[in-house]
Structures are given as C-alpha cells and as structure tokens.
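> Prediction below, plus the sequence it came from.
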Amino acid sequence: MIGTETLMARALRYALDKNEVAPETYRTWPTNLQLQLQELVIETADDMRYHQLKYFRPFEHQLRFFETGASERRGILAANRIGKTVSTCYETACHLTGQYPSWWTGYRFNKPITCMVAGEGWSQVALVLQNELLGTQDVKITDNLGTGVIPRDCIVVDTMRNDGANCIGVEIRHVSGSNSYLLFANYTQEVRQLQGFKLNLAVFDEQPPDDFFSEIVTRTATTQGKVLCSFTPLKGLNGLVSKFWNKEEGYEFIRVSWDDCPEYDPWGQPFLLKETRRQLERDYLPHEREARIAGKPVMGKGAVFQIREWPLYQTGDYDFTRMPNIQRVIALDLGLVNDKTVISLMYWDPYERTAFLHKQICVQGIEEAVPSQYINHLLRPEVFGTPIVLPADANTAGRYTMSSNSIRELFESYELNVYHKAIMHPPDQEGRVTNHKSYGINQMRQMLEVGSLMVNQNCTQFVSDAQNYYVDSQGRFSDPDDTIDSCRYALLACLQGIAEPWDNRTSQQRMMAARDKYMKPRDESNKAAIKKTYDPGG
C-alpha cells in the first residue's frame with residue numbers, strides 16, 4: 001500500500017504530465033486554476049489508490065526484465081532496494097488480470113492463469129508479496145484490499161481463503177470474463193503439501209530451497225508455464241542462483257546494481273539517494289557488499305573456490321600436439337550405484353607448471369557400477385597408453401567390478417597403463433603420506449586463482465560442482481564432489497611427476513619445437529642451406 005503523501009505527489013505529477021504542464025509553470029498559475037488542478041489531483045489519487053496497475057511507471061532495468069519474457073526461467077539478481085520484487089509482482093498482476101499496458105513487450109498469457117507466489121516464511125510473504133499484490137499485510141483489514149498492484153475490482157473477496165492475517169488463495173477477475181487463481185506459499189511448507197496441482201506461473205521472492213523449487217516448477221511442466229525469480233544472492237553461488245549465473249539452458253537473468261538505478265524514481269520522487277547508498281554501504285558486512293550493492297553472488301565463509309572469473313578456455317585455443325614438453329595423465333574417481341564415475345584427462349606443462357583440465361566424462365545411471373560399460377573410453381587410440389591414476393580403494397577386490405578382481409586388476413588385464421600405486425599426497429616434512437582432501441583441494445584453489453590450472457569450457461559439471469563446493473565448521477566438504485576429486489587426483493599426478501609425454505617425439509624433436517616457440521628464423525631464403533642460422537633475438 002502506498003502512503004497518502006506519496007499517492008498525492010504521484011497524482012499531481014500524473015495530472016501535470018497529462019496536461020503537458022511543467023511543475024515550475026504550475027506554481028505561477030492563478031489561484032482558481034490551481035484549485036481546478038487540485039480537484040483533478042484528488043480525483044486521480046482516489047483512482048490511483050485502488051488501480052495502481054494502470055499508473056505503474058517502470059525503471060529502465062524493469063523494462064529490461066519484462067523483455068526477457070520469451071525464456072521459461074527468468075530472474076533478477078539484484079542489489080537491495082532497487083525494486084526487484086515490485087518487478088515480479090507487477091508482471092504477476094498483469095498476467096492474472098490480463099491487463100497489459102500499451103508499452104508491454106514481454107510475454108502475454110491469452111487466458112486466465114493459476115499462479116503461485118512464494119517467499120521465505122508466512123510473515124515474510126505477508127509483509128512483502130501479499131502487501132505488494134493485494135495491498136495489505138493482514139487480509140482481515142479489508143479496507144486496504146486493492147491498494148496493491150492488483151486492482152480492487154479484480155479481487156473476488158468472497159473466494160478468499162486465509163489463515164489469520166495470511167491469504168492462502170484468492171480468485172482474480174480476468175479481462176476475458178473468467179477468473180485467474182492466485183496462491184500464496186512459503187519455503188517452510190512440506191514439499192508433499194505442494195503436489196497434485198498445475199501452475200501456469202510460479203514466482204519466487206528470494207532464493208528457494210532446491211527441493212521446494214523442483215517441486216513447484218514440476219507443477220508448470222504440463223502447462224508450459226513460466227517461472228519468475230527475484231533475489232539478492234546472499235546465499236552464494238549455489239542452487240538456483242548458479243543455474244542463472246552460469247546461464248544454463250532455459251535460464252535467463254538480468255543483474256541490477258545500484259549503478260543501474262537513478263536517485264529518483266520515474267515519478268521524480270527520491271528513490272535511492274547517494275547519501276543513503278553511502279550509509280548502507282557502511283552498514284553492510286564486508287563479504288555481503290557485492291551481493292547487496294551489485295547483485296553479485298556472495299562468497300560465503302564456507303565457499304571453497306572463491307573465484308569470480310574462472311580460468312576457462314575453449315577446445316582449439318591450445319594445440320597440445322605442438323606444445324613442447326607437454327605431458328598428460330588420466331584420473332578416475334570411482335563410483336558405485338547412484339554415485340558417478342568421473343574420468344578426467346589433464347595436460348601438464350612441467351616447465352610452465354600449468355595444468356589443463358581438458359575433458360571429463362561423467363558415467364551415470366547403472367553404468368558407473370559396471371566398468372566394462374566405460375572402459376572403452378580408456379581404450380580409444382587417442383588416449384591409449386596414457387598413465388592412469390586410481391584412488392586407494394581401486395585395489396579392493398570386488399568393490400567396483402562385481403567380481404573377484406579389483407578395478408586395478410581389471411584395467412591391467414586390458415593392458416592399460418595403470419600407475420602402480422594409489423594416488424596419494426606427496427610425503428610431508430615427516431615423511432608421512434596421506435590422502436586427506438585438504439592438501440589437493442588447496443592446490444587446486446591456489447592454481448585456479450592464479451590461472452595455472454585451466455579448465456576447458458566443456459567441463460561444465462566440474463565448474464558447477466566447484467562453484468557450489470563448501471566446507472562446514474567441522475571441516476567436512478560438501479557433495480557432490482566426484483568431478484572435483486577426479487580433477488584433484490589428476491593434478492596430484494602432475495605435481496608428482498606421474499604424467500608422461502604422449503607424442504612419441506625424440507629429445508631432438510622437442511628441442512626443435514621449443515626453439516621454434518622462442519626463436520624466430522631469419523629470412524635467409526636466398527642463402528645456401530648450409531649458411532642459414534637462427535637468430536636468438538628474433
């Protein structure tokens with residue numbers, strides 16, 4: 001609900017704009033003309049109070065969001081106080097009522113819809129979503145119904161179901177003559193309570209739990225429904241946020257920072273003034289500032305790989321066949337049923353001490369427990385003979401083979417080049433060899449940060465898992481970690497000299513390749529071959 005003072009200021013601005021009168025001109029008018037305008041302003045304010053949908057004026061970033069309507073999953077990753085919830089609620093009201101403004105370029109439903117809006121808890125739903133849509137935090141106070149973005153005459157009050165101050169569901173009149181249906185929900189509800197109905201539109205205010213999101217979007221499957229999300233990404237780069245941030249197929253978002261917002265709103269009223277921004281910036285915790293000010297996912301205390309720009313490359317960016325001294329290794333993280341087996345191919349430049357995670361194959365379903373289903377990847381001519389490193393439990397008979405053989409013995413029977421020991425950490429200062437994750441993970445983190453561990457863009461599951469990788473207060477690493485462990489084993493193999501040259505070149509051939517990399521030949525085309533030399537300076 002908009003306050004009376006704000007409502008009158010907007011009504012005055014609307015009346016002046018409608019009559020093409022500048023505010024400074026209005027102040028010079030004679031008294032009788034000003035009184036006539038005041039009567040128009042009061043009449044406009046009365047209409048505006050219960051018909052906000054008609055008078056809505058969007059920011060530029062809100063227009064950008066509406067224009068993404070072709071995508072199935074749309075989001076606003078935004079700073080605080082920029083009107084992100086207003087954006088999704090306004091669009092929700094348009095879809096429920098069928099009342100679209102003349103400037104609307106976004107998606108349109110051509111019939112009444114069933115819509116669910118959800119927030120973090122019932123109190124938050126009432127305070128934000130219910131208040132924004134229906135105009136009241138307490139539906140028992142009926143005078144305020146209709147002062148939200150849904151017009152009063154569109155709310156079918158007799159159909160309202162409520163639980164105390166909270167509205168559970170209500171029918172909304174549609175321009176077609178039939179009714180849409182609006183449902184409210186919150187993230188603390190049991191998922192089983194949300195089964196068995198269909199939705200045309202689902203709206204999430206702030207980041208929902210993964211199971212809640214999965215259940216609700218399932219309700220949109222048979223209707224080809226839409227999903228709207230608005231959140232300040234304070235929970236890190238995980239779950240739903242990571243899907244938007246990584247631009248997974250079907251997900252589209254806009255990011256809105258304070259820099260994208262003017263100090264004054266489209267009505268000319270103070271919105272987010274510079275002095276307010278400066279004070280808020282001082283108030284925010286340091287690790288939250290980028291999320292609250294720029295809409296960038298917060299890097300929480302538990303995030304392992306706190307990396308903004310990942311060192312990614314595309315296939316073809318590097319020609320490993322022409323890189324001197326290049327080595328390679330294959331590493332496996334072994335899985336049982338419902339636990340992926342991941343095969344990693346890594347190239348290694350021992351002189352530059354740079355690793356390239358070039359490819360990962362994730363074997364899922366029933367195949368991960370049947371090595372004969374994925375051993376063909378290791379037998380391909382282009383990788384056959386590459387050193388293969390395995391974790392310690394690869395020596396356990398029957399653990400992964402469903403036979404009396406261990407996985408190591410099975411691989412050796414196919415004449416694969418399996419490293420003779422389990423992949424472990426290098427000895428510490430006291431000569432102890434361990435396999436605790438922390439050492440390898442820390443090596444990965446440091447090398448990713450400085451760009452000496454490069455990742456091929458096709459390793460999408462690795463990047464997704466790494467961005468969601470956390471460690472709790474007891475030092476326990478999160479799941480899933482199969483792709484991360486497979487990469488970790490490969491990197492440990494490189495750092496300990498287990499990787500091998502793979503090009504069958506002689507030392508002289510590698511020397512010539514290195515010379516070609518660092519030394520340019522002179523243009524001596526007119527000289528006899530015996531007189532041609534190389535210039536070390538290029």
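Noted; the coordinates are in hand.
> can you list the weak-confidence ranges in the stretch 401-538 of the chain?
401-403, 428-431, 472-473, 503-511, 513-538 (pLDDT under 70).
> quick one: least confident helix or strand in this structure?
In the chain, the helix or strand scored least confidently by mean pLDDT, DSSP states H and E is helix 507-518, which has a mean of 63.
> what's the burial count for the nearest residue to Pro233 once chain neighbours are set aside?
Leaving aside its sequence neighbours, Pro233 sits nearest to Pro297 (CB to CB, 6 or more residues apart in numbering; 4.0 Å). Heads up, the C-betas are built off the backbone N, CA and C, glycines and all. Here the count is done by other CB atoms under 10 Å, and Pro297 has 25 residues near it.
> Tyr313 now?
14.
> can you map out the helices along the stretch 101-250 of the chain?
Using DSSP state H, counting those that start in this stretch, the helices of the stretch 101-250 of the chain run over residues 122-124, 131-134, 210-218, 239-245.
> wait, which of these is closest to Cys261?
helix 131-134 (18.2 Å; CB to CB).
> Give me the distance between that closest one and the centre of its chain.
Relative to its chain's centre, helix 131-134 lies at 28 Å (CA atoms, centre = their mean, to the nearest Å).
> what's in contact with it?
Here helix 131-134 makes contact (CB atoms under 8 Å, 6 or more residues apart in numbering) with 1, 85-86, 89, 92-93, 117, 137, 145-146, 148-150, 155, 167, 170, 182.
> And for stretch 46-58?
Residues from elsewhere that reach stretch 46-58 (CB under 8 Å, 6+ apart): 2, 7, 10-11, 14, 66, 87, 90, 93-94, 97, 99, 101, 146-153, 265-267.
> so of those residues, which ones are in strands?
Among the contacts of stretch 46-58, DSSP state E puts none in strands.
> Show me how to select, in ChimeraX, the buried members of these.
Typed into ChimeraX, the line below selects the buried ones among those, using 16 or more other CB atoms under 10 Å:
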select :2,7,10,11,14,66,87,90,93,94,97,99,146,147,148,149,150,151,152,265,267
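> highest average neighbour count across the helices of the stretch 101-250 of the chain?
Across these, averaging neighbours per residue (mean count of other CB atoms under 10 Å) puts helix 131-134 on top, at a mean of 24.
> Can you pull out the low-pLDDT segments for the stretch 1-150 of the chain?
Judged by pLDDT under 70, no stretch of the stretch 1-150 of the chain qualifies at all.
> The stretch 51-200 of the chain: strands as residue ranges?
Secondary structure of the stretch 51-200 of the chain by DSSP state E, counting those that start in this stretch: the strands cover 73-78, 114-119, 155-163, 166-173, 179-186.
> The second one packs against which elements?
Right, the one you point to is strand 114-119. Counting contacts by 3 or more CB pairs under 8 Å, 6 or more residues apart in numbering; DSSP states H and E, strand 114-119 packs against helix 84-97, strand 179-186, strand 201-205, helix 210-218.
> strand partners of that strand, parallel vs antiparallel please.
strand 179-186 (parallel), strand 201-205 (parallel) (DSSP bridges).
> In a strand, Gln34, correct?
No - assignment of Gln34 by DSSP: H, G, I helix; E, B strand; the rest coil gives helix, placing it outside any strand.
> Count the neighbours of it for me.
Number of residues near Gln34 (other CB under 10 Å) recorded here: 12.
> quick one, phi/psi of the closest residue to it other than its chain neighbours?
What sits nearest to Gln34 in space, not counting adjacent residues and going by CB to CB, 6+ apart, is Tyr26, at 7.2 Å. Main-chain dihedrals, Tyr26, degrees, to the nearest 10: phi -60, psi -40.
> wait, Tyr26 sits on Leu16?
Yes - here Tyr26 reaches Leu16: they are 6.0 Å apart, a contact under CB atoms under 8 Å.
> hmm, back to that, for the strands of the stretch 51-200 of the chain, which one ends up most surrounded?
Buried most deeply of these, by mean count of other CB under 10 Å, is strand 73-78, with a mean of 26.
> Can you give the contact residues for that strand?
Contacts of strand 73-78 (CB under 8 Å, 6+ apart): 61, 65, 68, 84, 87-88, 217, 226-233, 240-241, 243-245, 250-257, 295-297.
> Using PDB, write down the CA coordinates of it.
What follows is strand 73-78, C-alpha atoms only, in PDB (Å, rounded to 0.1, in the frame of the first residue of the first chain):
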ATOM      1  CA  ARG A  73      13.000 -19.400 -16.300                       C
ATOM      2  CA  ARG A  74      13.700 -15.700 -15.700                       C
ATOM      3  CA  GLY A  75      15.400 -14.000 -12.900                       C
ATOM      4  CA  ILE A  76      16.600 -10.700 -11.400                       C
ATOM      5  CA  LEU A  77      19.800 -11.000  -9.500                       C
ATOM      6  CA  ALA A  78      19.800  -7.600  -7.900                       C
END
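> Figure out which of the strands paired with strand 114-119 is closest to Ser406.
The closest of these to Ser406 is strand 201-205. By CB to CB, the value is 47.6 Å.
> What angle do helix 84-97 and that closest one make with each other?
Compare the direction of strand 201-205 with that of helix 84-97 by axes from the mean of the first three to the mean of the last three CA atoms, to 10 degrees and you get 160 degrees.
> List the contacts of strand 201-205.
Residues outside strand 201-205 that contact it (CB under 8 Å, 6+ apart): 85, 88-89, 92, 95, 109, 113-120, 124-125, 128-129, 213, 216-217, 219-220, 225-231, 240.
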